[in-house]
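Asker: predicted model and sequence below, questions to follow.
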Amino acid sequence: MSGKDVSLPTNRAFVIQLQAGSGASGVAQRGRVEHLASGRAVHFADEGELWAFVDGVLATECSQQST
């Protein structure tokens, strides 16, 4: 299957903005993430905070769809 054949749900889309050179190795680890469908956004200081936000939003989306 090519990338053109894949249909991705827009309610699971995020924008991640990374701060340049924020990590000890020069790799960006700080930034901002926004859920496009809801407009919810947070700043994160590490990868754990980023994924906690994404997981929380997706869990909320799944629970709202099942009710």
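Answerer: Nice, thanks for sending it over.

Asker: and stretch 5-13, C-alpha only, in CSV?
Answerer: Extracted C-alpha coordinates of stretch 5-13, given in CSV (Å, rounded to 0.1, in the frame of the first residue of the first chain):
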residue,chain,number,x,y,z
ASP,A,5,-3.8,5.0,-0.3
VAL,A,6,-3.8,5.5,3.4
SER,A,7,-6.7,7.5,4.9
LEU,A,8,-5.7,8.9,8.3
PRO,A,9,-8.4,10.3,10.7
THR,A,10,-8.1,14.0,11.2
ASN,A,11,-9.3,13.8,14.8
ARG,A,12,-5.9,12.0,15.5
ALA,A,13,-3.7,14.7,14.0
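
Asker: quick one: average pLDDT of it?
Answerer: When pLDDT is averaged along stretch 5-13, the result is 88.

Asker: cool, stretch 35-42 as well?
Answerer: On average, the pLDDT along stretch 35-42 is 96.

Asker: and that stretch, how far out from the chain's middle?
Answerer: Centroid separation for stretch 35-42 versus its chain: 9 Å, with CA atoms, centre = their mean, to the nearest Å.
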